[in-house]
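Trainee: The following comprises the amino acid sequence and a computationally predicted model.
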Amino acid sequence: MTEQDKMNTGENRAQEISHIGKYEIIRLLGQGGEGCVYLAYDRDLKRYAAIKELASERETIKEAELLQQLSHPMLPVIYDLFYRDAWYLVMEYVRGMTLGAYIEQNGYIGEERACVWIGQLADVLEYMHTIETPVIYRDLKPDNIMVCPEGHLRLIDLGAAYSMGFGEERGSGMALTYGYAAPEQLRRSGAYADARSDIYALGKVIYYMVTGADPSEPPYTALSIHEYQPLLSRELERLIRKCIMDDPQDRYQTAAGIRKDLKRCGSGRYRPHRRGFIRTVEKKVWLTEKSSNSGSVLLDIKNV
């Protein structure tokens, strides 16, 4: 079944059911490999909620248990878990649009804002990786990150995450997204995911933020960061490259390391290589204008 077929099935299902218990179904929010997510209204508590319908009792309870042990401002709050012809997980409805939709609508993210958002994502990963029973997210990607109306990020959909307290999950059943999944997750045998796998995915998300080039689509980050975004600071470029090294040992070993190096990024100053790039472009513009109009004035592109 194609993704469009899944969406059509979910929309048809949303039209068929008007209520699930006390929850009034408003519309389909999303359709994934695990099930449908609906926007609903709790008539008793007078609030909106996201209801995830799953056919698998094991997957529903696993996600509920993960959310119950996590408490972070960037993660949704779980409201309810019940069974009625299927398992339903009721969670906080996170308003906004996905990071993928935001970039498609607005283009790549400027370095200053990107650094703020990187800090938020690194913070929630550090929290998940360092709690008493660490949690590995495993499928970090723009579609699982929400840009809220207030301008901050929230992380949604922990369906692919697993708790290391229940043993390390391996094998072909691992949830992942090509372009964002780390090399160790793609192995034909001995596939695994740990904290460094989440760091790799974060690096790919940052790459998408600052270039607007989605790693899950051609040319699959074949071009260097500098080719897409020559004005990016060397510090942030180095940070991204360290996140997405093929060998996990060569990456940041913790999200805390990312946050430490992030302090040197996004100051807004023109680094030497940025200044050099601008001078090269200025010279080309000047020569072009001079050849066509000897009295032309050099264009000011410093703020372009």
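Mentor: Cool, the structure landed.

Trainee: How many neighbouring residues does residue 19 have?
Mentor: Per other CB atoms under 10 Å, the neighbour tally for residue 19 reads 11. In short, each C-beta sits where N, CA and C put it, glycine included.

Trainee: Next, the contact list for it, please.
Mentor: Contact partners of residue 19, counting by CB atoms under 8 Å, 6 or more residues apart in numbering, are residue 25.

Trainee: how about it, phi and psi?
Mentor: phi -140, psi 150 (degrees, to the nearest 10).

Trainee: Would you map the strands across the stretch 51-200 of the chain?
Mentor: Under the criterion DSSP state E, counting those that start in this stretch, the stretch 51-200 of the chain contains strands at 78-83, 87-92, 97-98, 135-136, 145-147, 153-155, 162-163.

Trainee: Same list (those strands) but as CSV, adding distance to residue 230, mean neighbour count and mean pLDDT.
Mentor: Conversion of the strands of the stretch 51-200 of the chain to CSV gives the following (distance: least, CB to CB, whole Å; neighbours: other CB atoms under 10 Å; pLDDT from 0 to 100):
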stretch, distance to residue 230, mean neighbour count, mean pLDDT
strand 78-83, 44, 15, 90
strand 87-92, 40, 21, 92
strand 97-98, 27, 16, 96
strand 135-136, 35, 24, 93
strand 145-147, 25, 23, 97
strand 153-155, 26, 21, 97
strand 162-163, 39, 19, 79
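
Trainee: quick one: the helices in the stretch 151-300 of the chain?
Mentor: Counting by DSSP state H, counting those that start in this stretch, the stretch 151-300 of the chain has helices at residues 195-211, 225-228, 234-243, 255-262, 272-292.

Trainee: Would you mind measuring from the nearest residue to residue 238 once chain neighbours are set aside to residue 189?
Mentor: Excluding its sequence neighbours, the residue lying closest to residue 238 (CB to CB, 6 or more residues apart in numbering) is residue 261, at 7.8 Å. Between residue 261 and residue 189 the computed distance is 34 Å (CB to CB, to the nearest Å).

Trainee: Check residue 195 too.
Mentor: The gap separating residue 195 from residue 189 is 22 Å, by CB to CB.

Trainee: Those two - which one has more neighbours?
Mentor: A count of neighbours by other CB under 10 Å puts residue 195 above the other of residue 195 and residue 189, at 22 against 7.

Trainee: Can you get me a residue count around the closest residue to that one other than its chain neighbours?
Mentor: Excluding the flanking residues, the one nearest residue 195 by CB to CB, 6+ apart is residue 129, at 4.3 Å. By the criterion of other CB under 10 Å, residue 129 has 20 neighbours.

Trainee: burial count for residue 151?
Mentor: Counted with other CB under 10 Å, residues neighbouring residue 151 total 10.

Trainee: Any stretches of the stretch 151-300 of the chain with poor pLDDT?
Mentor: 165-173, 266-300 (pLDDT under 70).

Trainee: tell me the domain ranges of this structure?
Mentor: Using automatic domain parsing, the domains assigned to the chain come out as 12-92, 97-262.

Trainee: Could you give me the buried positions within stretch 93-107?
Mentor: Across stretch 93-107, burial judged by 16 or more other CB atoms under 10 Å covers 93, 94, 96, 98, 99, 100, 102, 103.
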